[in-house]
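J.: What follows is a predicted protein model with its sequence.
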Amino acid sequence: MSDAEGLGIDFGHGLLIAHGKLDRYQDLLREFVDESARDIDQIRQQLAAESAATARRACHSLKGAAALVGAVRIQAAVHRLEQSIETATTLSDVETALQGIEREREAIAAYLRTAAQAGGSTRLTREEEVKARSTVAMLADLLGSGDMRSNQLLNASAPLLGAYLGNAAVSLQRQVENFDYEGAARTLEEALAARQR
């Protein structure tokens, strides 16, 4: 697993839609990266042809795709681009916005290349394993006391916990989102017991 912090991706959401399978989520992100490159080119072409309405529709589609895969920074950047097109901002400003979206897209692509070079494996390094155990211990304590900080810790550590706990991370995420801390504590306990077998 590669360090994915700072990518502007909601990995908690991504692991939910990929049923806890990090490799499947990475496949979805790859599809998004490929398709978004074509979308950005299409938006540029439409703007060059002075077809602002068509460009806005393309922005709206790209924004929806970004939301679907949890690419939250791209989603927000495309929303700003859409607003710029609506307010007839200069072509230079729109191009600057497009370049910002491309930089965000490239950051995700770089993460995916690193993951592929690691063999696409979700095996953790020794350092990540230690971090995962520490995170799980903190999460267990928070869940045991019904502490709402469980939500924040789980969201911040979603990729790591997804790799460490596998499919159980999806159930855990749902339970915590529903504030079922007692059920989440049981799920976590069962997942850790399964890892020991």
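T.: Perfect, thanks for sending it. Residues are numbered from 1 along each chain as shown.

J.: Let me know the pLDDT of the residue nearest to Y25 when sequence neighbours are not counted.
T.: In space, Y25 comes closest to A18 once its chain neighbours are excluded; the distance is 3.8 Å by Cβ to Cβ, 6 or more residues apart in numbering. From N, CA and C alone the C-beta is placed, and that goes for glycine too. In the predicted model, A18 carries a pLDDT score of 85.

J.: quick one: A18 and R56, what's the gap?
T.: When distances are taken as Cβ to Cβ, to the nearest Å, A18 and R56 turn out to be 30 Å apart.

J.: Who has more neighbours out of the two?
T.: A18 (21 against 18; other Cβ atoms under 10 Å).

J.: which helices and strands does the host helix or strand of A191 pack with?
T.: In the assignment (DSSP states H and E), A191 maps to helix 181-196. Based on contacts counted as 3 or more Cβ pairs under 8 Å, 6 or more residues apart in numbering; DSSP states H and E, the elements that helix 181-196 packs against are helix 126-144, helix 158-165, helix 168-177.

J.: swap the cut-off to 6 Å and go again
T.: helix 126-144, helix 168-177 (3 or more Cβ pairs under 6 Å, 6 or more residues apart in numbering; DSSP states H and E).

J.: any residues touching it, and which ones?
T.: 140, 143-144, 146, 165, 168, 171-172, 175-176 (Cβ atoms under 6 Å, 6 or more residues apart in numbering).

J.: before we move on, the earlier item: save the helices and strands packed on helix 181-196 as TSV, and put in mean neighbour count and mean pLDDT too.
T.: What follows is the helices and strands packed on helix 181-196, written out as TSV (neighbours: other Cβ atoms under 10 Å; pLDDT from 0 to 100):
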stretch	mean neighbour count	mean pLDDT
helix 126-144	15	90
helix 168-177	22	80
